[in-house]
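Undergrad: quick one, structure for this:
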Amino acid sequence: MKKIKFLILFIVLTSCNQYLGTVDPDYTPTNEVTEIFSNVQNDTNTSEVKFGDIIFPDFINPSLSINNLKIDKIINTDKNSVATLINDKLFLSKDKNIYVIDINSDNIFEYKLNLNKDEKIIHFFSHIDDVYLFTNRSQIFVINGQIVEEVADYGVFTNITPIILDDFIMIFSVFGDIYEIKLLDNSITKIDNLNSKSGISIKSNIFEDQKNKYYLYNTGTLVTLAKNNYEHYNNYILEDLNILSSLGVYNDLLDSPFSYNEYLYLLDRSGKIAVYNPVLSDILWELDINETIVSYLFSKDGYLILMTFDKILIISNQGNIINSYTHNKKSPISIFSIKGNIHLISEEGISKLNIYDKSEESFYKNKFTSNLDIYYLDQNIYLKDDKSLFKLSE
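TA: Have a look, this model is predicted:
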């Protein structure tokens, strides 16, 4: 009896072509996404392209040339320290102190501030011939000779870096209120309120195209300002992109969108990339590398360089992955480029990579924390983490 049942089952399976289900007549299996992902799984080198000078996220002086790095510790910092390069000086905060470092001589001058218990400096900026500092309680101070003088105290709580615009600055409260502070008379005016989405506060860059300036209030909220009058307005770039996108929702942007050939590049930390024209509602191309994007660079020739937790990818302005390099750094933090050479910063040091030969040309050992910022000015490069400020030189 068992043999008869088995024979019947075998005949049924054979007649069904070993598939016990239905197939829609208009269904055509595709492997397009698999092909995109497979490009990222193994190292490729379809083109030894020279990607050119880097323009985003920071412009690097094309004449900058460092062949053999030397990492010098300049001064101790802390997790709340901020720094800015202005003219030939680096301004650094630490607790309630300010340090002014001459980049030519490395001489350091110290100022002490009288701040409230939970108050901290969040930004330095210059206006006319003076250097100002701005705190998370919206106090403004000016460095005047050998002393630091209070300019104004507005009492607006903020954790967002202000936007500096000609003779005024724009600040954002923790509740999404937008204020305009005029530097000529120190008056303050509330001008709007953000319809903010959920997201994480980050150190956002300010990028622009022909008509607008773009800035992230948080990773899910994009602020757009008109360039002609700095008016804030809602143009729903993220919302419109998410309606049109075939890759899912963009809600965790790595940085403000930057413009290239009239299209905005939007990079989502999850690995989604959109090249989008918000005026035409046109997506030139999209790509999902299916890996977390840790850091990025973009060149004047239209090449996007991405670093993930285990790879560096070079993507053309048509959305093709033309080179991928597998790195072995356990804790990658950021990348930068000097004369077309990619340098990878990890918690263990800096690696100079040859992505075409798939090799590490040099490794410079140094301990860094994950909260790292890079500053460029002429022939100078500084790195600041939660513990120290470093200078890179030959």
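
Undergrad: show me where the stretch 101-250 of the chain has its strands.
TA: 108-112, 121-127, 130-135, 139-144, 147-153, 163-165, 168-172, 177-182, 188-193, 207-208, 212-218, 221-226 (DSSP state E, counting those that start in this stretch).

Undergrad: Ser362: which of these is closest?
TA: Minimum separation from Ser362 across the strands of the stretch 101-250 of the chain (C-beta to C-beta) falls at strand 108-112, 29.5 Å. (Each C-beta comes from the backbone N, C-alpha and C, glycine too.)

Undergrad: got the buried residues for that closest one?
TA: For strand 108-112, a neighbour-count test (16 or more other C-beta atoms under 10 Å) marks Tyr111 as buried.

Undergrad: ditto for stretch 67-84
TA: Buried, per 16+ other C-beta under 10 Å, within stretch 67-84: 69, 71, 74-75, 77, 81-84.

Undergrad: try stretch 311-321
TA: 311-317, 321.

Undergrad: that older thread, can you list the strands of the stretch 101-250 of the chain in TSV and add distance to Thr326 and mean pLDDT?
TA: As requested, the strands of the stretch 101-250 of the chain are exported to TSV (distance: least, C-beta to C-beta, whole Å; pLDDT from 0 to 100):
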stretch	distance to Thr326	mean pLDDT
strand 108-112	41	95
strand 121-127	38	97
strand 130-135	42	97
strand 139-144	47	96
strand 147-153	49	95
strand 163-165	39	95
strand 168-172	40	97
strand 177-182	44	97
strand 188-193	46	96
strand 207-208	30	96
strand 212-218	30	96
strand 221-226	33	96
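
Undergrad: for Leu372, find the nearest of those strands.
TA: Closest to Leu372 of the strands of the stretch 101-250 of the chain, according to C-beta to C-beta: strand 121-127, at 17.4 Å.

Undergrad: all helices for the chain, in order.
TA: 2-15, 32-41, 237-244 (DSSP state H).

Undergrad: alpha carbons of stretch 139-150, as PDB, please.
TA: Output of stretch 139-150 as PDB, limited to C-alpha atoms (Å, rounded to 0.1, in the frame of the first residue of the first chain):
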ATOM      1  CA  GLN A 139      24.700  83.900  23.400                       C
ATOM      2  CA  ILE A 140      27.100  85.700  21.000                       C
ATOM      3  CA  PHE A 141      30.600  86.700  22.000                       C
ATOM      4  CA  VAL A 142      33.200  88.600  20.000                       C
ATOM      5  CA  ILE A 143      37.000  88.200  20.400                       C
ATOM      6  CA  ASN A 144      38.300  91.700  20.800                       C
ATOM      7  CA  GLY A 145      42.000  91.900  21.200                       C
ATOM      8  CA  GLN A 146      43.000  90.200  24.400                       C
ATOM      9  CA  ILE A 147      39.500  89.700  25.700                       C
ATOM     10  CA  VAL A 148      36.200  88.100  24.800                       C
ATOM     11  CA  GLU A 149      33.200  90.400  25.100                       C
ATOM     12  CA  GLU A 150      29.500  89.400  25.300                       C
END
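
Undergrad: begin at 47 from here
TA: All set: I'll call the first residue 47, so the last point we hit is now stretch 185-196.

Undergrad: out of the helices of the chain, which gets the lowest mean score?
TA: When the helices of the chain are ranked by mean pLDDT, helix 78-87 comes last with a mean of 33.

Undergrad: show me the contact partners of stretch 247-265.
TA: With C-beta atoms under 8 Å, 6 or more residues apart in numbering as the test, stretch 247-265 has contacts from 102-104, 205-207, 209, 218, 222, 240, 242-246, 268-274, 276, 281, 297-305, 308, 310, 315, 419.

Undergrad: wait, I meant stretch 431-440
TA: Residues contacting stretch 431-440 (C-beta under 8 Å, 6+ apart): 112-125, 127, 129, 136, 138, 147, 152, 412, 414-419, 426-430.

Undergrad: against Lys404, how distant is the closest residue in space to Asp419 that isn't next to it in sequence?
TA: Leaving aside its sequence neighbours, Asp419 sits nearest to Lys430 (C-beta to C-beta, 6 or more residues apart in numbering; 4.9 Å). Going from Lys430 to Lys404 by C-beta to C-beta, to the nearest Å gives 31 Å.

Undergrad: skipping adjacent residues, who's closest to Gly348 in space?
TA: Using C-beta to C-beta, 6+ apart, the closest residue to Gly348 is Asn363 (3.4 Å).

Undergrad: for stretch 309-329, C-alpha coordinates in CSV please.
TA: What follows is stretch 309-329, C-alpha atoms only, in CSV (Å, rounded to 0.1, in the frame of the first residue of the first chain):
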residue,chain,number,x,y,z
TYR,A,309,20.7,67.7,-10.2
LEU,A,310,20.8,67.2,-6.5
TYR,A,311,22.7,64.3,-5.0
LEU,A,312,20.9,62.8,-2.0
LEU,A,313,22.7,60.2,0.0
ASP,A,314,20.8,58.1,2.5
ARG,A,315,22.9,56.5,5.2
SER,A,316,21.2,53.2,4.5
GLY,A,317,22.9,53.0,1.0
LYS,A,318,20.3,54.6,-1.2
ILE,A,319,21.5,57.3,-3.7
ALA,A,320,19.2,59.6,-5.7
VAL,A,321,20.3,62.1,-8.4
TYR,A,322,17.2,64.2,-8.5
ASN,A,323,16.0,67.5,-10.1
PRO,A,324,13.2,68.9,-7.8
VAL,A,325,12.1,71.5,-10.4
LEU,A,326,11.4,68.9,-13.1
SER,A,327,10.5,66.1,-10.6
ASP,A,328,13.0,64.0,-12.5
ILE,A,329,15.2,61.2,-11.1
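
Undergrad: average pLDDT across it?
TA: The model assigns stretch 309-329 a mean pLDDT of 97.

Undergrad: right, and Tyr145 touches Lys158 too?
TA: No - Tyr145 lies out of contact with Lys158 (C-beta atoms under 8 Å); the separation is 10.7 Å.

Undergrad: quick one, what contacts the nearest residue to Phe253 once chain neighbours are set aside?
TA: Leaving out its chain neighbours, the residue that sits closest to Phe253 by C-beta to C-beta, 6+ apart is Phe304, at 4.3 Å. Going by C-beta under 8 Å, 6+ apart, Phe304 touches 102-103, 251, 253, 260, 310-311, 344.
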